[in-house]
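**Student:** coordinates only, sequence not included:
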């Protein structure tokens, strides 16, 4: 029986620990999550909001009951601390809705 050939990798390895996806001209470029406002105070507020609003609002619109794990800013705050902390601008979402439906809406310009 002949020797098996070793296949060469088809995907190049990343040189960094994380791939940067932030646009260099973005308001958040070069900032840590804490510098953008997602610090201990936010984590406590997020935790309380999710206890008070445990279900994904997008799933609820579709007649599904899904636990929410993300507190999303309805209108992107882009560093505006007043908008960031305005709880009327918050909504509870499940991770799949936040990472797909909401991101698609933002990319299409349907939300601020």
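**Tutor:** Looks like it arrived, so ask away. All figures in this text were calculated on a predicted structure; none of them were measured in a lab.

**Student:** what does stretch 86-104 rub up against?
**Tutor:** For stretch 86-104, the external contacting residues (Cβ atoms under 8 Å, 6 or more residues apart in numbering) are 49-50, 53-59, 66-75, 77, 83, 111. To be clear about C-beta, it is placed using only N, CA and C from the backbone, and glycine gets the same treatment.

**Student:** ok, residue 58 - contacts?
**Tutor:** Going by Cβ under 8 Å, 6+ apart, the list of residues near residue 58 reads 93-94, 97, 101-102.

**Student:** repeat the analysis, applying 7 Å as the threshold.
**Tutor:** For residue 58, the contact set (Cβ atoms under 7 Å, 6 or more residues apart in numbering) comprises 93, 97, 101.

**Student:** for the chain, what spans make up the helices?
**Tutor:** Along the chain, the stretches classed as helices by DSSP state H are 40-52, 57-61, 81-85, 95-96, 103-107.

**Student:** among the ones you listed, which is the most enclosed?
**Tutor:** Mean neighbour count (mean count of other Cβ atoms under 10 Å) peaks for helix 57-61 among those, with a mean of 16.

**Student:** run the chain-centre distance for it.
**Tutor:** 17 Å (Cα atoms, centre = their mean, to the nearest Å).

**Student:** buried subset of the contacts of stretch 86-104?
**Tutor:** 49-50, 53, 55-59, 66, 68, 70-73, 77, 83 (16 or more other Cβ atoms under 10 Å).

**Student:** min pLDDT across these, which one?
**Tutor:** pLDDT across these is at its lowest for residue 77, which sits at 88.

**Student:** what sits against that residue?
**Tutor:** Contacts for residue 77 (Cβ under 7 Å, 6+ apart) come out as 83-84.

**Student:** next, give phi and psi for it.
**Tutor:** phi -80, psi -30 (degrees, to the nearest 10).

**Student:** quick one: low-confidence parts of this structure?
**Tutor:** 1-2, 4-29, 33, 37, 112 (pLDDT under 70).

**Student:** fine by me, thanks again.
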